[in-house]
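In: Build me a model from this:
(one chain, ligands or ions: 1)
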Amino acid sequence: MKRKRFLKTSILAGIGSQLQLNSELFKLFEFEDIKIENLLGLSQSHLKSEFILLEEDTFKAFSLMKSSALEDGITLKIVSGYRSFEQQKEIWEWKFKQLTKTKAPIQAISEIMTYSSIPGTSRHHWGTDIDLIDDSVIVPEGDLLLEKHYHGNAPFSKMKSWMEKNSSDFGFRLVYTRDDTRTGFNYEPWHYSYAPKAKLYLDLQSSEKYRKAWRNLEFKGKSYMTDSFMDSYFKNYGFGIHPSLMPS
Ligand SMILES: [Zn+2]
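Out: Numbers count the residues shown, from 1 in each chain. A predicted model of the protein is given here:
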């Protein structure tokens with residue numbers, strides 16, 4: 001018998017229906033479904049395939065939120081959902097190549113980390129995180145994911161206000177908030193995360209098993225990332241998020 005089923009069966013049989021499964025126990029069950037490969041962007045087994053790849057529960061919650069927003073005249077459009085390790089590596093290495101033309105590698109790395117995650121650590125690998133625009137307005141030309149498009153009279157302001165008011169009802173939270181006390185990545189008014197699932201992924205990212213697996217990945221600039229560099233990265237960048245997304 002699989003360990004997961006064994007646990008469920010023995011707990012339910014042994015303690016009966018009075019048992020209130022606490023959240024720790026639920027976490028244990030959930031954990032067994034998340035593979036380290038899913039955290040590293042090396043497997044798509046956790047995703048639901050639609051127009052944009054998303055983690056299964058995230059997809060369901062997003063569909064509900066999208067319908068609700070549509071009733072208020074807002075067309076939520078995901079411009080970036082799941083991203084593989086290879087895609088993140090491509091983004092990272094392109095920036096690394098450009099910046100190291102004029103800068104020392106460690107300086108280039110710190111500059112890339114203003115907005116981009118180190119390959120294998122991106123929340124976009126999890127399929128729980130999305131970059132959003134409003135497709136019901138005239139979309140600006142050029143780069144869409146800019147702060148100026150989300151505030152004041154800008155095209156995506158209405159969507160931003162709607163999300164501020166309603167997204168948490170569907171489990172979605174802004175990750176990189178405009179908060180001076182927050183460490184890590186810059187403010188990203190477009191990046192939301194499906195909290196119930198993302199918390200589990202983040203928790204697993206702190207495990208020794210995950211850290212060891214990450215060490216085996218290869219990309220440019222990695223030789224500069226010592227263990228203490230990575231400890232500080234996970235603390236300041238990985239946990240530099242809205243408190244509602246922190247593992248309980
Ligand atoms: Zn994003």
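
In: When you work out contacts or count neighbours from here on, use the C-alpha atoms and nothing else.
Out: OK.

In: who's in contact with A154?
Out: Contacts for A154 (CA atoms under 8 Å, 6 or more residues apart in numbering) come out as K148.

In: Tell me the residues of this structure that contact the ion?
Out: D131, H191 (CA under 5 Å from the ion).

In: all helices for the chain, in order.
Out: Along the chain, counting by DSSP state H, helices occupy 3-15, 23-31, 36-40, 56-71, 85-99, 105-112, 157-166, 195-205, 208-215, 227-233.

In: ranking these by burial, who's on top?
Out: helix 36-40 (a mean of 22; mean count of other CA atoms under 10 Å).

In: what packs against that helix?
Out: With contacts taken as 3 or more CA pairs under 8 Å, 6 or more residues apart in numbering; DSSP states H and E, helix 36-40 sits against helix 208-215.

In: got the contact list for the helix it packs on?
Out: Contacts of helix 208-215 with the rest of the structure, by CA under 8 Å, 6+ apart, involve I36, L39, L40, G120, L204, Q205.

In: closest one to D134 among the helices of the chain?
Out: helix 157-166 (6.0 Å; CA to CA).

In: Can you report how many residues lie near E218?
Out: Neighbour count of E218, defined by other CA atoms under 10 Å: 12.

In: if we can go back for a sec, would you list the helices of the chain in JSON lines and tack on mean pLDDT and distance to V137?
Out: Shown next, in JSON lines, are these (pLDDT from 0 to 100; distance: least, CA to CA, whole Å):
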{"stretch": "helix 3-15", "mean pLDDT": "39", "distance to V137": "47"}
{"stretch": "helix 23-31", "mean pLDDT": "48", "distance to V137": "39"}
{"stretch": "helix 36-40", "mean pLDDT": "89", "distance to V137": "34"}
{"stretch": "helix 56-71", "mean pLDDT": "96", "distance to V137": "13"}
{"stretch": "helix 85-99", "mean pLDDT": "97", "distance to V137": "28"}
{"stretch": "helix 105-112", "mean pLDDT": "96", "distance to V137": "31"}
{"stretch": "helix 157-166", "mean pLDDT": "98", "distance to V137": "10"}
{"stretch": "helix 195-205", "mean pLDDT": "96", "distance to V137": "27"}
{"stretch": "helix 208-215", "mean pLDDT": "95", "distance to V137": "41"}
{"stretch": "helix 227-233", "mean pLDDT": "96", "distance to V137": "37"}
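
In: Of those, which is nearest F172?
Out: It's helix 195-205; of the helices of the chain, that one is closest to F172 (CA to CA) at 5.9 Å.
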